[in-house]
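> Let me see the structure of the following:
(4 chains)
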Protein chains: 2
Amino acid sequence: MARATSRHETAAVAVDVVLLTIEKGELSAFLVCLKEGPLRGKWAFPGGRVRLDEPLEDAARRELREQTGLADVYLEQLYTFGDPDRDPTSRVVSVAYFALVPTAPALRRTARYAAAAWFPVRALPALTYDHDRIAAMALERLRAKLSYTNIAWSLLPRAFTLGDLQAVYETILGRRLDRRNFRRKLLGLGLLRPLSRERRGAHRPATLYAFRSRRPLIAEVL
Amino acid sequence: MARATSRHETAAVAVDVVLLTIEKGELSAFLVCLKEGPLRGKWAFPGGRVRLDEPLEDAARRELREQTGLADVYLEQLYTFGDPDRDPTSRVVSVAYFALVPTAPALRRTARYAAAAWFPVRALPALTYDHDRIAAMALERLRAKLSYTNIAWSLLPRAFTLGDLQAVYETILGRRLDRRNFRRKLLGLGLLRPLSRERRGAHRPATLYAFRSRRPLIAEVL
DNA sequence: TCAAAAGTGTTGGCATTACACCCATGA
DNA sequence: TCATGGGTGTAATGCCAACACTTTTGA
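A predicted model of the protein is given here:
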């Protein structure tokens, strides 16, 4: 707080964003390759300074928009990292956010970074700063929330099959689930609404579902 | 991160600490009364600027030590609040921590604040800044963690009875628990070690227990 | 006709809940 | 002796995990 009236020099404030999606059956993270400074060429999560009049979450959304073009994402604050030596350049306190989208947006070239790419979280490159810790915490948070909230909704399009939903759970938790139990449980929660359409494809058609609500909810899912 | 090479002006960084304990059967919070500035006379959680070379958690511990003398507390990061107008004086991003102690330390007079006091959380005075939100989040976190971690340990002395432990749960959750079920569950977890001593008092003596480990653990308690 | 995903019920075990009585003590 | 908290067991219920076969489709 600003109760200390004298003007202390304090740390700078930044945000970093862990953007995750499921791509080709793999949970994947969006990384950027630094372009300048002593860490040039290293991979990290995108992030940057918070502007003086900007709320923290706005800063995170702005970073996402600038690097990926995404505007409508699930976003929540993850943790704040502030070790004095986490950034070799200067003291930066970083508020980490974690974001989920149903599909990976196309990569775009931006001025800020040398490159950007999606990596499966099971095979992330070495990360700079303390972004390994951020990555670990994001995964932990996602796995935990998967089982007691409706957060998985953020990883699926508007209409999806129960098979799709189950695949999201299996991918993130890293284990197979029993289809009958899964369907019974999820349908029993009453959070899903069957659509009148079906998905037709290479196999037997599957009924499509949508979420009754896309607001975050607490519900014992598994 | 420090990737933006130009020198942006950014927010200042502070910590605020929600210190909780159970006193006379009431969950209570430690508050200070501001002494200076436009918010003089208002109550808030203690906090202050993070020093330039100081880790965030160290800053929180330092605040606690300065205001209460406490050195050995349970402390965890709660959330980071950074709305541009949360502090009318200047832009301050505050990393909120939440702390638990078994007993309320005696109040001491410090230079920083006009007063300090313990308030039952059911009857907090009006809080300044966005500290109402911080208070709400601290309570939510405590209630949630109570049921899936061993965090209650931090609110009890080294030796305690099962009745004491149950009282902690009942106080924080705000509902009565069945004694037989509670004892069966807790003893079944194997986290407690019966001591050879008993507590003698006004009634039938109760066996004292201690925690096998005082490290944080995840365990489905209730 | 084959491969692959969709869809469907039952059972056993385990955990949780609800519930009532006696005990040991200090006042 | 009384008030107060300590200590104990059982029965009913609900939840979760395990499990196999049939259906529908496009290729």
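> Of all residues in chain A, which one is closest to DNA strand C?
Residue nearest to DNA strand C within chain A (C-beta to the nearest atom of the strand): residue A:163, separated by 2.6 Å. Yep, even glycine has a C-beta here, placed from its N, CA and C like the rest.
> residue contacts, the closest residue to that residue other than its chain neighbours?
Distance criterion C-beta to C-beta, 6 or more residues apart in numbering or on different chains; nearest residue to residue A:163, sequence neighbours excluded, is residue A:206 at 6.0 Å. Applying C-beta atoms under 8 Å, 6 or more residues apart in numbering or on different chains, we find residue A:206 in contact with A:161-163, A:198-199.
> Over to residue A:222?
A:146-147, A:169, A:177, A:185.
> one more time with 10 Å, if that's ok
Listed by C-beta atoms under 10 Å, 6 or more residues apart in numbering or on different chains, the contact partners of residue A:222 are A:146-148, A:169, A:173, A:177, A:181-182, A:185-186.
> possible to save those as JSON lines with distance to chain B and secondary structure?
Listed next are those as JSON lines, based on distance: C-beta to the nearest C-beta, whole Å; DSSP: H, G, I helix; E, B strand; the rest coil:
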{"residue": "A:146", "distance to chain B": "15", "secondary structure": "helix"}
{"residue": "A:147", "distance to chain B": "11", "secondary structure": "helix"}
{"residue": "A:148", "distance to chain B": "9", "secondary structure": "helix"}
{"residue": "A:169", "distance to chain B": "20", "secondary structure": "helix"}
{"residue": "A:173", "distance to chain B": "16", "secondary structure": "helix"}
{"residue": "A:177", "distance to chain B": "20", "secondary structure": "coil"}
{"residue": "A:181", "distance to chain B": "20", "secondary structure": "helix"}
{"residue": "A:182", "distance to chain B": "21", "secondary structure": "helix"}
{"residue": "A:185", "distance to chain B": "18", "secondary structure": "helix"}
{"residue": "A:186", "distance to chain B": "22", "secondary structure": "helix"}
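> among the residues you listed, which are within reach of DNA strand D?
A:181, A:185 (C-beta under 7 Å from any atom of the strand).
> Pick out the most distant pair among the contacts of residue A:222.
Spanning the widest gap among the contacts of residue A:222 are A:148 and A:181, at 17.0 Å by C-beta to C-beta.
> When the two are compared, which one has more neighbours?
residue A:148 (15 against 10; other C-beta atoms under 10 Å in any protein chain shown).
> that older thread, pLDDT score for the residue nearest to residue A:163?
As predicted, residue A:206 sits at a pLDDT of 97.
> Spell out which parts of chain A neighbour DNA strand D.
A:178-181, A:185, A:200-205, A:220, A:222.
> element containing the most centrally placed residue in chain A?
Centroid-nearest residue in chain A: residue A:99, 2.8 Å away (criterion: C-alpha atoms, centre = their mean). Using DSSP states H and E, residue A:99 sits within strand A:92-100.
> Give me the mean pLDDT for that strand.
Summarised as a single mean, pLDDT over strand A:92-100 is 98.
> what about it, near chain B?
Yes: judged by C-beta under 10 Å from any C-beta of the partner chain, strand A:92-100 and chain B are in contact via A:92-96.
> Which of those residues sits closest to DNA strand D?
Distance to DNA strand D across those (C-beta to the nearest atom of the strand) is lowest for residue A:96, with 30.9 Å.
> who's in contact with that closest one?
Contacts of residue A:96 by C-beta under 10 Å, 6+ apart are A:14-18, A:45, A:47, A:60, A:77-81, A:130-131, A:133-135, A:137-138, B:80.
> Mind doing that once more with 7 Å?
Residues counted as contacts of residue A:96 (C-beta atoms under 7 Å, 6 or more residues apart in numbering or on different chains) are A:16, A:18, A:78-81, A:134.
> for residue A:179, same thing?
Contact partners of residue A:179, counting by C-beta under 7 Å, 6+ apart, are residue A:166.
> mind checking pLDDT for it?
Per-residue pLDDT puts residue A:179 at 97.
> Remind me what the following helix or strand past the strand holding residue A:99 packs against, helices and strands.
Moving toward the C-terminus from strand A:92-100, the next helix or strand (DSSP H and E) is strand A:115-120. With contacts defined as 3 or more C-beta pairs under 7 Å, 6 or more residues apart in numbering or on different chains; DSSP states H and E, strand A:115-120 has these neighbours: strand A:26-33.
> The lengthiest strand in chain A pairs with which strands?
When chain A is scanned for its longest strand (criterion: DSSP state E), the result is strand A:12-23. Within its sheet, strand A:12-23 is paired with strand A:26-33 (antiparallel), strand A:47-49 (antiparallel), strand A:92-100 (parallel), according to DSSP bridges.
> quick one: what helix or strand has residue A:180 in it?
helix A:179-189.
> Quick check: buried residues in that helix?
Using 16 or more other C-beta atoms under 10 Å in any protein chain shown as the test for burial, helix A:179-189 gives A:182-183, A:186.
> quick one: is that helix near DNA strand C?
Yes: Helix A:179-189 comes into contact with DNA strand C (C-beta under 7 Å from any atom of the strand), by way of A:179-181, A:183-184.
> can I see the domain layout of chain A?
A:13-126, A:148-211 (automatic domain parsing).
> quick check, residue A:171 in a strand?
No: looking at residue A:171 with DSSP: H, G, I helix; E, B strand; the rest coil, it is helix, so not inside a strand.
> Now do the same contact list for it.
A:22, A:25-27.
> about what we covered before: tabulate the buried residues of helix A:179-189 (a markdown table), appending pLDDT.
Compiled in a markdown table, the buried residues of helix A:179-189 are given as follows (pLDDT from 0 to 100):
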| residue | pLDDT |
| --- | --- |
| A:182 | 97 |
| A:183 | 97 |
| A:186 | 96 |
